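[1] kindly return the folded structure for what I paste below:
(chains A and B)
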Amino acid sequence: MIEISRKVEQLAPSGIRAFFDLVLGMKDVISLGVGEPDFVTPWHIREKAIFSLEEGYTSYTSNKGMPELRKQIAAFLKTRYGMNYDFDEEILITVGVSEGLDLAMRAILNPGDKVLVPEPVYVSYRPVVELAGGTAVILKTGIENGFKLTPKQIDRACGKGVKALMINYPCNPTGASYTRAELQAIARVAKKNKLLIISDEIYDELTYDFDHVPLASLKGMKDSVLYFNGFSKAYAMTGFRIGWVCGPAKVVAAMTKIHQYTMLCAPITGQLAAQEALKSGFKSVQEMKREYHRRRNYIVGALNEIGLECHKPQGAFYVFPSIKSTGETSMAFAQNLLKKKKVALVPGTAFGPSCEGYVRISYASAYDSLKEAVSRIDSYLKSRKTLPF
Amino acid sequence: MDEILEVLSNDARVGAAEIARLTGKSVAAVKTAIRKYEKNGTILKYKTVINRDLVQDSGSFVRALIEVSVTPQKNVGFDYVAERIYSFPEVVSCYLVSGAYDLLLVVEGENIHTVSNFVASKLSPMENVRSTTTHFLLKKYKEDGQVLKKRAGTRRLNISY
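    Predicted coordinates:
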């Protein structure tokens, strides 16, 4: 019998996997459980990818990614956010932000190093820290504060061995984001405690109530931040698997070392499609954003109306309402809703043990489906109330 | 474009209360804006897009694009001639265009003969019409931004992080 590594054996969460399998096996489900845009990649980007295959672009690329793409990203960041990154030394093209986060952890952590990780948190954060031999120090955030980290909380958690802070804004699964002033306060605390900030800003283009500000663009922060972004969410290109990381040359070089041995390079078709996205995809981004903005307004209002407390998040396409009023666990709620009303969503506990009593709802679904789903949830809640217990 | 118009242009059935929720405006403000748009002609009509190929009882039906060269009239230019032409109920759309001809018409009829008749007996004999070229439509793929093929279902997984 082959024994699996203890590290991997300990990786969570098994209950969620079974629930996912249940959803995937069911037909005619309205799903609010999807973590990707409901738009198809804009045609001009797909067409570019097809053409690149016809032209015979099927080879490896430079480990760091095609120089043209890195140059384009550097130019884009300069005009969009006023950031200055050297395309050759400070940018690496990764297979999505997911790979980038893993590389970062492996590049900076020594056994016993600690990393501050907020909760609710995207599912991969804790595992990548632990797989790299680090220890995750959890910073809980709650609905009362709109699921935001506070500078005080970060400061208090800092101590011996704490090396980095992971942050994701707008956040999957809560949609929470931060204003410039809030980010400045976080930056000050991070600087004071000499933290490297691992900033995952993959949802940046989907920010609704104010302009998104990259932490790395704040004065004096460039050397303290690893800035992650990619094409998946803004350009509806999840399947192309193209992300990037910008940061201090030393860290990027260390990450590139691991990347070249484990991934070699990001797929060339995706890199060429990404170049097209940057060249002329911005209009599509803005159209998608307006549509999501309206759906956010709808879903927040509708959920509160049917009795599920829901804060108004500033970005991404998720809301994270409380289902505590039902008295059910998030897993039970999700399972019952799926079986009785054929609506799928993700139990909060997938995003950390402190997220019991919450569920993640993705509003990246057609408006009509959203309305139908809300009415089914409403009818589920009402049916529960009439039960004798 | 005003967000209210954006929502309505995509789905005319969305009511004022719903538009208010989607856009974060008050219901009263939305109603006032819609009334204003209806009054000043920004909103002309609310209609349904129907794929006639799938309608069982609509009988036969043809559509033609007709290029028309005309002699403009003194003082009124093309407008006078255009009005005489677009007033025929057979003419579904009428555009003044740049290029080799002047007016582009979309004409509908029960069959090829009806449309030919219209061209031969009404359009061509008109005083200011110099020439016409008729193109019968063979197949419609996309109209007004709408692809006329029922979309395939989503290819996304039903659940993912």
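[2] and the pLDDT at the one residue sitting closest to the centre of chain A?
    Taking CA atoms, centre = their mean, the centroid of chain A lies closest to residue A:172, which sits 4.6 Å from it. Looking at residue A:172, its pLDDT reads 96.
[3] do you know how far residue B:25 is from chain A?
    10 Å (CB to the nearest CB, to the nearest Å). Using the backbone N, CA and C atoms, a C-beta is placed for each residue, glycine as well.
[4] read off the pLDDT value for that residue.
    The model's pLDDT for residue B:25 equals 93.
[5] please apply the same query to residue A:282.
    For residue A:282, pLDDT reads 81.
[6] burial of it, as a residue count?
    15 (other CB atoms under 10 Å in any protein chain shown).
[7] repeat that for residue B:111.
    Residue B:111, neighbours per other CB under 10 Å, totals 12.
[8] wait, what's in contact with it?
    Neighbouring residues of residue B:111 by CB atoms under 8 Å, 6 or more residues apart in numbering or on different chains: B:60, B:62.
[9] same check, this time on residue B:105
    B:65-66, B:68, B:85-86, B:91, B:93-95.
[10] what about burial for the residues you listed, which qualify?
    Buried members of the contacts of residue B:105, counted by 16 or more other CB atoms under 10 Å in any protein chain shown: B:66, B:68, B:85-86, B:91, B:94.
[11] OK, contacts around the residue in the stretch 201-350 of chain A that chain B sits nearest to?
    Nearest to chain B, among the residues of the stretch 201-350 of chain A, is residue A:294, at 4.1 Å (CB to the nearest CB). Listed by CB under 8 Å, 6+ apart, the contact set of residue A:294 reads A:367, B:3, B:7, B:22-23.
[12] same check on residue A:129?
    A:105, A:109, A:115, A:117, A:135-136, A:166.
[13] among those residues, name the ones in helices.
    Among those, the members found in helices (DSSP state H) are residue A:105.
[14] helices along the stretch 1-150 of chain A, start to end?
    A:6-10, A:14-24, A:43-54, A:67-81, A:96-108, A:125-131 (DSSP state H, counting those that start in this stretch).
[15] please identify the most buried of those helices.
    Ranked by mean neighbour count under mean count of other CB atoms under 10 Å in any protein chain shown, the helices of the stretch 1-150 of chain A are led by helix A:96-108, which reaches a mean of 24.
[16] that helix and chain B in contact?
    No - legend: contact between helix A:96-108 and chain B by CB under 8 Å from any CB of the partner chain is lacking; minimum distance shown is 9.6 Å.
[17] quick one: the strands in chain A?
    Here chain A has its strands, by DSSP state E, at A:30-31, A:91-94, A:114-119, A:135-140, A:162-168, A:196-200, A:225-230, A:243-246, A:318-319, A:343-344, A:346-347, A:359-362.
[18] adding distance to chain B, write those out as TSV.
    Below are those laid out as TSV (distance: least, CB to the nearest CB, whole Å):
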stretch	distance to chain B
strand A:30-31	4
strand A:91-94	17
strand A:114-119	15
strand A:135-140	17
strand A:162-168	12
strand A:196-200	13
strand A:225-230	15
strand A:243-246	15
strand A:318-319	11
strand A:343-344	6
strand A:346-347	7
strand A:359-362	9
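[19] between those strands, which gets nearest to residue A:335?
    strand A:346-347 (8.3 Å; CB to CB).
[20] can you list contacts of that closest one?
    Here strand A:346-347 has contacts from A:16, A:19, A:33, A:173, A:329-331, A:333-334, A:359-360, A:362, B:159, B:161, using CB under 8 Å, 6+ apart.
[21] is there a quick ChimeraX command that grabs whichever of those are buried?
    Selection of buried members from those for ChimeraX, criterion 16+ other CB under 10 Å:
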select /A:16,19,33,173,330,331,333,334,359,360,362 /B:159,161
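[22] and the contacts of strand A:346-347, which is closest to residue B:118?
    Distance to residue B:118 across the contacts of strand A:346-347 (CB to CB) is lowest for residue A:362, with 52.9 Å.
[23] okay, domains of chain B per the record?
    B:3-39, B:61-138 (automatic domain parsing).
[24] any idea how far chain A is from residue B:72?
    For residue B:72, the distance to chain A - CB to the nearest CB - is 37 Å.
[25] neighbours of residue A:286, just the number please.
    Using other CB under 10 Å, the number of residues around residue A:286 comes to 12.
[26] list the contacts for the residue nearest to residue A:275 when sequence neighbours are not counted?
    Distances taken as CB to CB, 6 or more residues apart in numbering or on different chains put residue A:69 closest to residue A:275, at 5.3 Å, once the chain neighbours are dropped. The contact partners of residue A:69, taken as CB under 8 Å, 6+ apart, are A:93, A:271, A:274-275, A:278.
[27] in terms of pLDDT, where does residue A:69 sit?
    pLDDT, residue A:69: 98.
[28] circling back: can I get the strands of chain A in CSV including mean pLDDT?
    Converted to CSV, the strands of chain A look like this (pLDDT from 0 to 100):
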stretch, mean pLDDT
strand A:30-31, 94
strand A:91-94, 98
strand A:114-119, 98
strand A:135-140, 97
strand A:162-168, 98
strand A:196-200, 98
strand A:225-230, 98
strand A:243-246, 98
strand A:318-319, 97
strand A:343-344, 96
strand A:346-347, 96
strand A:359-362, 97
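[29] let's have these in TSV, adding distance to residue A:51.
    Formatted as TSV, the strands of chain A follow (distance: least, CB to CB, whole Å):
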stretch	distance to residue A:51
strand A:30-31	33
strand A:91-94	20
strand A:114-119	42
strand A:135-140	44
strand A:162-168	34
strand A:196-200	31
strand A:225-230	22
strand A:243-246	23
strand A:318-319	34
strand A:343-344	37
strand A:346-347	37
strand A:359-362	32
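[30] would you mind naming what in the stretch 51-200 of chain A lies close to chain B?
    A:122-124, A:172.
[31] ok, how many other residues are close to the residue lying closest to residue A:99 once chain neighbours are set aside?
    In this structure, residue A:99 finds its nearest non-sequential neighbour in residue A:263, 6.3 Å apart by CB to CB, 6+ apart. If you count neighbours by other CB under 10 Å, residue A:263 ends up with 16.
[32] which residues does residue A:263 contact?
    Going by CB under 8 Å, 6+ apart, the list of residues near residue A:263 reads A:94-95, A:99.
[33] quick check: it vs residue A:257, distance?
    Distance, residue A:263 to residue A:257, using CB to CB, to the nearest Å: 11 Å.
[34] can you pull out the helices in chain B?
    B:3-10, B:16-23, B:27-39, B:79-86, B:112-117.
[35] show me what counts as buried in the shortest one.
    Judged by neighbour count using 16+ other CB under 10 Å, the buried positions of helix B:112-117 are B:114-115.
[36] so what's residue A:278 closest to, chain neighbours aside?
    residue A:72 (4.8 Å).
[37] let's have the helices of the stretch 1-150 of chain A in JSON lines, adding distance to residue A:146.
    Shown next, in JSON lines, are those (distance: least, CB to CB, whole Å):
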{"stretch": "helix A:6-10", "distance to residue A:146": "32"}
{"stretch": "helix A:14-24", "distance to residue A:146": "25"}
{"stretch": "helix A:43-54", "distance to residue A:146": "34"}
{"stretch": "helix A:67-81", "distance to residue A:146": "24"}
{"stretch": "helix A:96-108", "distance to residue A:146": "23"}
{"stretch": "helix A:125-131", "distance to residue A:146": "19"}
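[38] closest one to residue B:140 among those?
    Among these, helix A:43-54 sits nearest to residue B:140 (CB to CB), with 19.1 Å.
[39] which neighbouring elements make contact with the closest one?
    If you count contacts as 3 or more CB pairs under 8 Å, 6 or more residues apart in numbering or on different chains; DSSP states H and E, helix A:43-54 packs onto helix A:268-280.
[40] tilt between the helix it packs on and helix A:96-108?
    Orientation of helix A:268-280 against helix A:96-108 (axes from the mean of the first three to the mean of the last three CA atoms, to 10 degrees) gives an angle of 110 degrees.
[41] for helix A:268-280, name the packing helices and strands.
    Using 3+ CB pairs under 8 Å, 6+ apart: helix A:268-280 touches helix A:43-54, helix A:67-81.
[42] give me the number of residues near residue 135?
    You didn't say which chain, so I picked chain A. For residue A:135, using other CB under 10 Å, the count is 16.
[43] the intended chain is chain B.
    So residue B:135, with other CB under 10 Å, has 10 neighbours.
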